[in-house]
Structure formats: C-alpha cells, structure tokens
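Peer 1: Quick one, structure for this:
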Amino acid sequence: MRAPNIVSVFALLLITGGVTFAQVGRGWSDWPTPYADAQRTSWLRTDPKISVESMSKAGFELQWTAKLDNQRRGPRGLTQGVTASGVTLFVPASLIADSSNTLHLLDNDTGYVIWSRTFDASLPAATAACAGGVTAAPTFIVSGAAAPASEGVTAAPAGGRGNQGFRSLLGEPGQGIPVEPRGGGPGRGAGAAAAPAAGARQGGAGAGGAGQGRAQGPRIPGAPNVGGGGLGRAIVGYTVASDGQLHVVGLQSGKDLQKPAAFLPANSQWSNPVAVGTMLYAATSGNCAGVPNGIYAIDLDAPDKPVVSYRTDGGGVVGSVAFSSDGTTLFAAIGPGAVSGEGKANAIVALDPRTLQLRDWFTQPAAELVTGPTVFRHGSKDVVAVAANDGRIFLLDGASLGGASHATPLLASRPLVGSGGSISSEALSTWARPGGGSGLDARWILVPIAGRPSGARATNGAIRDGAVVALRVTETKGSWSLEPQWTSSNLVAAATPITVNGVVFALATGRPAAAGGSGSPAVLHAYDGVSGKPLWNSGSVMTTFASPGSYWSALSQVYVGTDDGTVHAFGFLDERR
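Peer 2: Presented below is the predicted three-dimensional model:
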C-alpha cells in the first residue's frame, strides 16, 4: 500500500479524533453504486454546476488524470468508480477497483492516489470468456427506494462546497453517501427518517436504527464503532477479490475493518454489486470456473455473514440486479442458456430481496435479453425496462412482470438496430424532466447501440459504428409507446449513457487496434437531453480506448478510465477551498 500523503493523514486525524467539518466537495451529486442507484438509472437528478446552460458555454474540460498500475486481464481493466463525499472524509474520494485485485482511493479534487491496496488472492489464467480477477466495481450502501418523482429533478442551487450539509446513511440517489451527524440527533436527508429497506434490521443493528455513543444516526453495516467525539462510525466501502472474499474496507486507511467473508465462488465472473439495507447483492454468469449462474446476497450486519443464493438453472445473469422503487423487490435479467427443471432463460425474474425466493417472471423464448433491468416510476406503477439483442425494448409492469401468462409485456418496441447491429452495453439508462406541480412531464430511455440504428432519425450526422438513441416514454390510458426523439453523433462502442441535471453524457469507448488496422480512442460527448443538441466533446484528449464499464459521474465531474490505467476527470475548474 502506498504511504498516505499529508492530506490523507490529516483526514485520518480528523476522523479518529471525532472532529467533523462541513463537506468540502464540489457538490452533492454522489455516485455511491454502479449505475448511480439501486434502480440502475445512471441518472444524477441535480448538480450545482453541470446544466444545459453551463455546458453551452466554455469551461468544461479535462481537469486531471491519474495513472493506476494495472495489468489488464482479457477485455477488463479498470472498473467503474464509486464516489463518497461525506463529512467523515476531508476530501471527496472515489473507490476504483482494477482487474488485478487492487483497490484504489482517489482524491476527486486533484486525482491524487491516496492509497492502493492489492488483495492477496490467486489470479487464474484469463480467457476470452472468463477474464478472472476482479470483474466488477466496489460499492457503498444506497437506499433501496427511489427518490420521489418531484424530488431532485430540478437544477440544484449554485454555490459549490459552501452549501453542503450532512447526509444520512441511506440517502436518495444523488443525495450523498453515509455520514454521521454533528452531535446528537438523526442525520438529514430522506434516508434518516425513512423506514429501512426490505430485510433491514430495526434498532441499533439495523440500517435505520440509532447509533451508539454520541452520534445518533444510522449504523453502517460492517463498520466498527470508532467511539468518542461526534463521529461514531467510519465510512466503509465493499469490494470482492478474485477469490470471492468480501472485504469491508475503511476509506481512511484502506484496511479491512472486519475479517473478510466468503461471498462468491472463487474465480467466478460477477456483476456490479449493490448494497441495500444490510444486504449486498451480486450475480454470476458465464459458468466461469464451473460456477453455476445465479444471484448471491450476503448479510453485512450478521456476525457470521450468511449468504443466500438463487440459481437460474438456465442462462447467465445479464448485467446487474436492480430494485423496485420502494426497495421491496429485486429484479434480474437472465440471458440464453439450456434450462433444467424450473430454470429460466431469456427472462426477467422478480425475487424476494431477503431470501432470493422467486416471486414472478417474464419470458419470451425468442427474445434474447442483453441488458440488465432499469427501473423507473410512472404514476403508481413501477416499470422495468430491458433490451433484447434485436434492439427491441421491453417495458414490464413491476407488479406483474408478464401477466397471467408470464409472457405479456406492457410494450415491446420496434427493433432499434439494423442488420448486424446490436445493443452495445449491458445496461440502459433513464431520466425525466420535471413538469407542473410535483410530477414529471417527460421521461426518456437512452439506448446504446452498435451499428446503424433502425427507425431513428439521424439528428447529429450519419451513423456508421453506433450511437445513443433517446426514446421518449408515453402512456395514454394504459397504452404505452417509445418514440425515438434524437440520436447522438457516430459513437464507436457506445457505453451506457449518463444523465446529469438534463445533460446526457455519451461515451464512445473506442476499440483496440486490430491486426492490420488501427484502433480508436475514447471520446466523451455531451448533449441536451431534451433536444439532442450537441453541447461539448472531449476531442482527442484521451489517446486510447476506455476500459469496459469504467465510466461514471459525481461532484460536477465525469470520469473515464482508459485501457492504459488512466482515469480522466472532466469538469469545470473549481479549486479546493
């Protein structure tokens, strides 16, 4: 592990001494888990600096780069980062894992690598189908419940760091990462007063219970009581090493705060995790290392860390699991595969989040599902969106995925890809624009496509390699539609788009050089999310292609991890003060 610099030493002194300061980060648009929240929307509702207006002016540019020492395994390199900006850290920071069993903590203001920690775990030989090593990002705890439609969809007030407040353990998407309040009393934010998510323990040991010592706030599962002062808990991150061991890591030190616990089978291939309440979830696919395809959940707060699992007995789990808007149902997409018994393939399943018992499912055998679920609220209904390999988007009723037949969606769209095209990422994304009163007047689903789109107008030039297509969601008396509204410019290997305060960021991840040819570097683009008007692009700043999935946003910045181990931070100049 690297020796910490003077900033991180000072932060540690603040933490262990029980002193708390107001948050000094750029904003409150945190990214606590892959794809932003438990519904996997990749949507940050508010941001104090990023907006369509600000992106229409000069100033958004590369702020820093950080080179991480990683040996790429197969196609995998750096994972997506997750970002904390709570008061228990002197600096806002991001956790990033790499494929070679190393976890890094970066200062989001400067790109300084505060510490790097390599886990002592074996690394199997990488293959094209099973890369081995660390195959997914770390995570913090998030709320299982989505923010209300009227909350956090308008522009945040300007002011940067000086307007930061204290936040609760289970903050809503875009509302912050676990922190402890100053003195007594519960932390602020929706999570402090809300009931715990399904499966969360009540009382002092639960996600919604009161803490011990001076601090009265939610307890962080897996975090020890550091005692004294007004702090009472340490912020922790959760990550899995290649041997399947779950590590509860203290951000101030990079050390394990608990004994590592057996979670996933060694050398399996797992999805981006999510931690809700006192449970952490991940899924396995590809039958790597002979591991059955399935979904796993571990109780972070129990001394013996029990694990429950659901075997698909069919296809591999596609993408990452997602939660209903109230946090009481877990959804997962299952791809093609040979089915045995009551197994599932090409299906969406709904599971009990505590036991992982099957509650409901949707399947159409001819529809090969290629993305994980993305969940959004429409009126009183949860809608689950997922894509098939022919570019069709399925909208499902979260309360009854396929009706009585388990095969009837709310909508199956027209195919969005032409001949030879496909969906180019393992997740869709979604965002909404506020309307009158407390509701929303428009909702979009953003679809990353490889090849030429079908049925979508080329609003930003000819498409050869791929694009992001923005579909507007409408519903009239139970009749649903998805209408293409705009298409990005040509993107090589488009990633899952990110929306920040009405600005859609679309990443062309690029591609490696092929035999006898040249590759293409990553390029980041920004669009007006309503009209599709181009606002900005990164040009030739990045010189190689992006690591698959290493793309996230937080604190008025957008981050891209490239194949050479470099993290690029784009944003507005905002020196620490």
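Peer 1: Next one: Val240 from Ala514, what distance?
Peer 2: 32 Å (CB to CB, to the nearest Å). Just so you know, the C-beta spots here come from the backbone N, C-alpha and C atoms, and that holds for glycine as well.
Peer 1: of these two, who's got more company?
Peer 2: Higher neighbour count among Val240 and Ala514: Val240, with 28 against 8, using other CB atoms under 10 Å.
Peer 1: now the more buried one: how far from Pro415?
Peer 2: 36 Å.
Peer 1: and what of Leu106?
Peer 2: From Leu106 to Pro415 the distance is 41 Å (CB to CB).
Peer 1: the more surrounded of those two?
Peer 2: Using other CB under 10 Å, the more surrounded residue of Leu106 and Pro415 is Leu106, with 26 against 16.
Peer 1: Ranking helices and strands of the chain by mean pLDDT, which lands last?
Peer 2: One helix or strand of the chain scores below all others by mean pLDDT, DSSP states H and E: helix 190-193, with a mean of 31.
Peer 1: and the nearest residue in space to Arg40 that is not next to it in sequence, what are its bridge partners?
Peer 2: Of all residues not flanking Arg40 in the chain, Ala322 sits nearest, at 4.4 Å (CB to CB, 6 or more residues apart in numbering). For Ala322, the residues forming beta bridges with it (DSSP bridges) are Phe331.
Peer 1: Next: Arg443.
Peer 2: Bridge pairing for Arg443 - DSSP bridges - gives Ala432, Val473.
Peer 1: Next, count neighbours for it.
Peer 2: Neighbours of Arg443 (other CB under 10 Å): 19.
Peer 1: wait, doesn't it sit right on Ser429?
Peer 2: No: using CB atoms under 8 Å, Arg443 is not in contact with Ser429; the gap is 11.7 Å.
Peer 1: Tell me the secondary structure at the residue lying closest to Ala289 once chain neighbours are set aside.
Peer 2: Spatial nearest neighbour of Ala289, chain neighbours left out: Asn267 (3.9 Å); criterion: CB to CB, 6+ apart. Look at Asn267: counting by DSSP: H, G, I helix; E, B strand; the rest coil, its state is coil.
Peer 1: and Asn267, what does it touch?
Peer 2: With contact taken as CB atoms under 8 Å, 6 or more residues apart in numbering, Asn267 is in contact with Ser122, Pro124, Cys130, Gly132, Ser242, Asp243, Gly244, Cys288, Ala289, Val291.
Peer 1: Using JSON lines, lay out those together with secondary structure and neighbour count.
Peer 2: Compiled in JSON lines, those are given as follows (DSSP: H, G, I helix; E, B strand; the rest coil; neighbours: other CB atoms under 10 Å):
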{"residue": "Ser122", "secondary structure": "coil", "neighbour count": "12"}
{"residue": "Pro124", "secondary structure": "coil", "neighbour count": "15"}
{"residue": "Cys130", "secondary structure": "coil", "neighbour count": "21"}
{"residue": "Gly132", "secondary structure": "coil", "neighbour count": "24"}
{"residue": "Ser242", "secondary structure": "coil", "neighbour count": "24"}
{"residue": "Asp243", "secondary structure": "coil", "neighbour count": "19"}
{"residue": "Gly244", "secondary structure": "coil", "neighbour count": "22"}
{"residue": "Cys288", "secondary structure": "helix", "neighbour count": "21"}
{"residue": "Ala289", "secondary structure": "helix", "neighbour count": "16"}
{"residue": "Val291", "secondary structure": "coil", "neighbour count": "19"}
